[in-house]
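Undergrad: Here is the input, now give the coordinates:
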Amino acid sequence: MRIPCPRCQAFVVPGAQSCAWCGASLLQEATPGSADPVCAVHPELLSLHACGRCGSFACAQCLRKGPRDEPLCAACHDRVPADALPWDRRDELGTLRAYWQTCVAVMLRPTATFERARPEGSVGSSLGFAALSNLAASFTTALFYLGLIFAIPSEMMEGDNVSPRGFRLVGVGMFGAMMVMAPVMGMLVALINSALDHLVFRMEGTGQPFEVTLRANALSLSPYLMGLIPFCGMYGAPLWALGLRIFAYRSMHRTSWGTAAVGTLAAPLLSCGLFFAAYAVMAVVGAAAGIGG
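TA: This is a model prediction of the structure:
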């Protein structure tokens, strides 16, 4: 949302009290009896713009720059911090606590959380969130299978050159490999998916940087926390995360619901279409080969 200077019409930043281009003061006195809107706090001054949150008229002295670059009145700005996500305060809260609180906020209050969240974030921060999410999604399920391996009586594993000790060591090795591969593959998938989604957003004309897309994509993985309940993270959470991604893209890319939905669903639907097309081609070729034989 841009605010024009009353004199030269150049865009000014919320919070400035003079135009950076022409130098004119943005604090203009109201004319008694005029129909021009005046500031709700300083009625002797003309309103420069309405608050983007509550709609109150505000003069240049009362306007502030919000977390999404929107103009806010001083009261709304004080109520809505620019950095409201616990994940951005890991040094203060601790990584695991910050991750837990962020996941709960995203899952239970997606609209309010993403509206208040800072769009920008480092690549490392986003990839770290994706790594933890994928680790949470697979940890309990993998631990459950490992427990089953150790629960099998040794007598049932004897014979056919099967060593109970070796069998269990293989299970431990597979569990360790999964705990390493899950976060690594999660980060790689997040990067690839974000790149594909960002390409769609570029084609639609949105101008946010790639870091915003990656941050939104990573935060939408919050339902993977449900993986702490065996099998939930692997089967139910991805669909939940896909829906949350629309909320995240809409708020962080500052775009419409339709654009956010297209950016979220275009790559998965195209991938499914290519997969079924390839399967259909293989089926036709196989059938033709069978007829010819």
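Undergrad: Next secondary structure after the helix-or-strand element of the chain with minimal mean pLDDT?
TA: Least confident helix or strand of the chain, by mean pLDDT, DSSP states H and E, is helix 232-235 with a mean of 68. Downstream of helix 232-235, the first helix or strand assigned by DSSP states H and E is helix 237-252.
Undergrad: Which other helices and strands does the helix or strand just after that following helix contact?
TA: Sequence-wise, the next helix or strand downstream of helix 237-252 (DSSP H and E) is helix 257-292. When contacts are defined as 3 or more C-beta pairs under 8 Å, 6 or more residues apart in numbering; DSSP states H and E, helix 257-292 packs onto helix 164-204, helix 237-252. For the C-beta atoms, the positions are set from N, CA and C on the backbone; glycine is no exception.
Undergrad: Any buried residues in the shortest one, and which?
TA: Translated: helix 237-252. Buried positions in helix 237-252, judged by neighbour count with 16 or more other C-beta atoms under 10 Å: 237, 240-241, 244-252.
Undergrad: quick one: contacts for Cys62?
TA: Taking C-beta atoms under 8 Å, 6 or more residues apart in numbering, we find Cys62 in contact with 39-42, 73-74.
Undergrad: Now distance to Cys103, neighbour count and pLDDT too, for those residues, in TSV please.
TA: Below are the contacts of Cys62 laid out as TSV (distance: C-beta to C-beta, whole Å; neighbours: other C-beta atoms under 10 Å; pLDDT from 0 to 100):
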residue	distance to Cys103	neighbour count	pLDDT
Cys39	41	22	93
Ala40	38	18	92
Val41	39	15	92
His42	43	18	92
Cys73	32	27	89
Ala74	32	16	85
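Undergrad: out of the helices and strands packed on helix 257-292, deepest packed?
TA: Among the helices and strands packed on helix 257-292, the stretch with the highest mean neighbour count (mean count of other C-beta atoms under 10 Å) is helix 237-252, at a mean of 20.
Undergrad: Could you list the domains of the protein?
TA: Taking automatic domain parsing as the reference, the chain has its domains at 1-81, 86-284.
Undergrad: what about the first one, distance to the chain center?
TA: It refers to domain 1-81. On the basis of C-alpha atoms, centre = their mean, to the nearest Å, domain 1-81 sits 31 Å off its chain's mean C-alpha point.
Undergrad: now what about stretch 22-37, what contacts it?
TA: 5-8, 10, 12, 16-19, 38, 43-48, 50, 57, 59-61.
Undergrad: so where's the stretch 151-293 of the chain shaky on pLDDT?
TA: For the stretch 151-293 of the chain, applying pLDDT under 70 flags the ranges 157-162, 232-234, 292-293.
Undergrad: buried subset of the contacts of stretch 22-37?
TA: 5-6, 12, 19, 38, 45-48, 50, 57, 59-60.
Undergrad: List just the nearest of these to Ala136.
TA: The shortest approach to Ala136 among those belongs to Ala50, at 42.7 Å (C-beta to C-beta).
Undergrad: Can you give me every residue that contacts the closest one?
TA: Ala50 neighbours (C-beta under 8 Å, 6+ apart): 37, 56-58, 71.
Undergrad: Quick check: pLDDT value at it.
TA: If you check Ala50, the pLDDT there is 90.
Undergrad: so how far is Ala10 from Pro4?
TA: Pro4 sits 7 Å away from Ala10, going by C-beta to C-beta, to the nearest Å.
Undergrad: What helix or strand is the residue lying closest to Leu27 once chain neighbours are set aside located in?
TA: Leaving aside its sequence neighbours, Leu27 sits nearest to Ala60 (C-beta to C-beta, 6 or more residues apart in numbering; 5.4 Å). Counting by DSSP H and E, no helix or strand carries Ala60.
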